[in-house]
Each structure stands twice: as structure tokens, then as C-alpha cells.
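# Have a look at this prediction, sequence included:
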Amino acid sequence: MPMQMGFRWYGENNDNITLSDIRQIPGVSTIVWALHDKLPGEVWEPEEIKSVQEQIERYGFNMDVVESVNVHDDIKIGLPSRQKYIDNYIQTIRNLAPFGVKVICYNFMPIFDWTRSDLFHPVGDGSTALFYQKDMIQDDPKSMAAYVMAFTEKYHMSFPGWEPERMAKLDELFEAYKDVTKEKLWENLRYFLERLMPVCRECDIKMAIHPDDPPWDIFGLPRLLVDDAGIDRFLHMVDDPYNCLTLCSGSLNANPANHVAELVRKYSDRIAFAHIRNVKHFENGDFREASHRDADGDTGILEILKAYHDCGFEGYIRPDHGRHLWGEKPGTVRPGYGLYDRALGIMYMLGAWEMMDKF
Ligand code: DNO
């Protein structure tokens with residue numbers, strides 16, 4: 001079986017892109033989906049999942065990949081109340097299984113998910129892209145959160161991991177995380193996964209952790225999945241074929257010292273889901289997201305695709321963030337998740353892949 005191409009979709013009334021739009025991109029078989037109105041820790045109910053299934057299957061897609069079932073902070077912090085949230089997570093896994101879900105993408109980043117300082121940064125050719133200005137993301141989490149929340153309010157869209165309900169309690173969250181050292185966070189991750197693994201085996205669902213984006217500590221909060229050593233530790237810590245990776249090339253490559261193609265070759269048997277994103281580095285440590293074409297960034301997209309191909313990768317893959325093109329602007333598009341650049345990315349990836357298949 002070849003690798004399976006996916007496209008992230010935020011759901012009906014939550015995404016300007018429709019399933020009918022996605023249907024017109026050649027080669028897509030999987031909708032990468034989630035119940036975006038669920039807060040971390042809530043159970044996903046079968047009837048809620050079923051209504052998404054009806055929408056997705058009507059267009060001939062499968063719903064094999066969920067991105068994400070987010071993890072409640074109490075699990076990451078290691079509070080006694082984590083037991084309830086782990087039970088809820090397990091119930092969600094059980095509820096997803098009958099719908100054919102095979103992979104759950106999630107992350108274990110404290111407080112914030114992916115972090116950027118500019119969501120619509122001019123690229124120079126008329127398009128815009130996500131941008132990270134290193135000196136703006138040092139010691140002022142509140143202004144960072146205020147920037148994202150202002151966007152959220154103005155355009156009536158919330159981002160997973162940046163739920164307004166959580167951001168409103170930022171002081172409390174920082175206080176709750178204050179004793180969570182890197183080692184404690186590792187321990188809490190291990191505790192969580194060890195409880196999930198028997199259920200994952202029973203349900204045939206892989207847990208695929210997303211690396212930390214960017215791959216370094218921010219605002220004094222520890223981050224774990226940042227490099228080869230972190231990935232190696234993670235996979236050995238819970239050495240189970242259902243404990244897998246979402247290998248996100250762009251997240252990892254924001255640190256130019258990470259060599260993603262080598263990581264693919266080393267860990268291919270534990271990669272359930274591949275995110276392909278290109279990144280352009282600047283000398284001062286800033287970075288901007290780029291088109292998928294190899295030459296447009298510094299991530300080594302072709303080398304990474306070659307590594308997946310050589311390893312006989314049969315998992316799921318999706319274009320990750322793209323630029324905003326052809327009239328896509330704040331209010332009409334989710335930052336990083338426009339239609340056009342991701343569709344171009346798919347064609348680029350499929351072109352490279354089919355060339356390797358045939359010749
Ligand atoms: C950003 C995404 C992440 C990812 C989560 C997975 O666009 O790659 O937000 O979905 O970290 O839990």
C-alpha cells in the first residue's frame with residue numbers, strides 16, 4: 001500500500017474550505033479532522049463523531065486520522081485529577097475506533113501549542129506566511145497570547161491549543177506549571193501513555209505525538225520532542241508499536257541542527273503520520289514558513305520525501321502550513337491553512353513520489 005495523502009479540514013462552519021474544494025485536489029484520500037469545539041479533557045461522543053463521518057464519507061474520503069485529541073493540562077502537570085481526564089481520553093479512543101480511526105495526533109506542549117509572532121507576514125511575492133521573530137517570544141507570554149486572542153476575537157476563529165477559555169487563565173496556568181521540570185514532564189508523558197497503550201492495542205489506534213513547535217523551550221516552559229535525542233528517549237520510554245510519531249518536518253527543522261531526512265530513516269517504523277512543511281531560516285534565528293518547493297526553503301523537502309520512499313512508508317502524510325495566496329487574507333483563511341498553497345504542495349509531493357515510483 002502506498003502512503004496516503006491527507007488534508008486538514010477544520011469542519012463544517014469552522015473552515016472556509018469545503019469538502020467539495022478538497023475533492024478537487026488530486027490524490028487526497030484522508031480528511032485529517034477533529035471535533036474543534038471540544039475542550040481538552042472532554043469525551044468525544046459517538047453521535048458527534050458520526051455526524052462528521054457522514055459529511056466526510058459523502059465525498060468519498062476516509063476519516064482515519066484525527067488531529068488532535070488535545071491533552072488536558074492536569075495530565076501534563078501530573079495532578080491527581082489527571083486520572084479523570086485520562087479515563088476520558090481512553091473513552092474517546094474507544095468511541096473513535098468503530099469509525100475506523102487509525103491514528104490520533106496530539107502534542108504534549110505545556111500551555112501553548114505552535115507559536116508564531118506574525119500570522120500574515122509578507123513573503124515578498126504578494127503572498128503571506130507564518131513568521132517567528134525570536135526576540136518577540138522570550139519572556140512575555142501575555143503579549144503573545146493577547147496577539148493571538150485579538151486575532152481570534154476579530155475573526156471569530158479559535159485555534160486548537162489557544163482556546164480562549166485557557167488563555168483567560170494564563171496566570172493560573174503558569175502557576176500550575178511552575179514545578180513541572182523537564183524530567184517531571186517526561187514522567188507525566190510516560191504515565192499517560194502507559195495507561196493508553198493497552199486500549200490502543202485493543203482498538204488498533206496509534207497515538208502519534210507531534211513534536212514541539214518551535215523545537216525549544218519558550219517562556220521558561222519545558223519542551224521535550226525537540227531533537228533526535230528527545231525522539232529517541234520518547235520511543236524507548238514507551239517501547240510499543242502503538243506509541244508513534246507525527247513527524248512534522250517544519251516544526252523540527254525550525255532548528256537547522258535537526259536533520260529531518262535522517263530522522264525519517266532512523267524512526268520510519270514508528271512514524272504513523274508525516275507533516276511536510278518548508279521553512280526559511282534567517283541568520284538571527286527568525287524563521288518564515290515557505291512554499292513546499294525544495295528550493296524555496298531550507299528544510300530539504302525532496303530529501304525527506306526520498307527518505308520516506310526508500311523506507312517504503314505506508315502511513316499518512318499531509319501538506320502542513322502553506323502560504324496565503326490569491327486573495328486569502330485574515331478573516332477568509334485560517335493562518336497556515338489556506339487552500340491553494342497546500343494544494344500546490346500536494347501536487348509537488350505527489351509529483352516527486354510518483355517519479356520515484358516509476359523511474
Ligand atoms: C499546527 C499544527 C499543530 C498540531 C498540534 C498537534 O498547525 O501542526 O497545532 O496540530 O500540535 O497536537
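Received it, and whenever you're ready, just let me know what you need. Keep in mind the model is a prediction, meaning the values are calculated, not measured. Numbers count the residues shown, from 1 in each chain.

# what's near enough to touch the residue nearest to Tyr106 when sequence neighbours are not counted?
Residue nearest to Tyr106 in three dimensions, not counting chain neighbours: Ser68, with 4.8 Å by C-beta to C-beta, 6 or more residues apart in numbering. Just so you know, the C-beta spots here come from the backbone N, C-alpha and C atoms, and that holds for glycine as well. Contacts for Ser68 (C-beta atoms under 8 Å, 6 or more residues apart in numbering) come out as Ala34, Ile104, Cys105, Tyr106, Asn107, Pro160, His210.

# repeat that with 7 Å
Ser68 sits next to Ala34, Cys105, Tyr106, Asn107, Pro160 when contact means C-beta atoms under 7 Å, 6 or more residues apart in numbering.

# For the second one, list the residues it contacts.
Put plainly, it is Cys105. Val65, Val66, Glu67, Ser68, Ala208, His210, Thr246, Phe273.

# Give the closest residue to it in space, chain neighbours not counted.
Glu67 (4.0 Å).

# could you give the mean pLDDT of the helix ranked longest in the chain?
Criterion DSSP state H: the longest helix present in the chain is helix 182-203. For helix 182-203, mean pLDDT is 98.

# buried residues in that helix?
For helix 182-203, burial by neighbour count (16 or more other C-beta atoms under 10 Å) applies to Leu185, Trp186, Asn188, Leu189, Phe192, Leu193, Arg195, Leu196, Met197, Val199, Cys200, Cys203.

# Asn243 contacts Leu193, correct?
Yes: using C-beta atoms under 7 Å, Asn243 is in contact with Leu193, at 5.7 Å.

# Next, show the common contact partners of these two.
Met207.

# contacting residues around stretch 72-85?
By C-beta under 7 Å, 6+ apart, stretch 72-85 touches 40-41, 86, 108, 110, 173, 176-177, 180, 184-185, 188, 192.

# ok, so of those residues, who is nearest the ligand?
Phe108 (8.7 Å; C-beta to the nearest ligand atom).

# How about Pro46: what's its closest non-neighbour residue?
Asn95 (5.2 Å).

# cool, and Pro256?
His281 (5.5 Å).

# can you pull up the bridge partners for the one you found?
Under the criterion DSSP bridges, His281 forms beta bridges with Phe287.

# and it, how many residues sit next to it?
17 (other C-beta atoms under 10 Å).

# Can you show me the strands along the stretch 151-300 of the chain?
Counting by DSSP state E, counting those that start in this stretch, one finds strands in the stretch 151-300 of the chain at the ranges 206-209, 243-248, 271-276, 278-281, 287-290.
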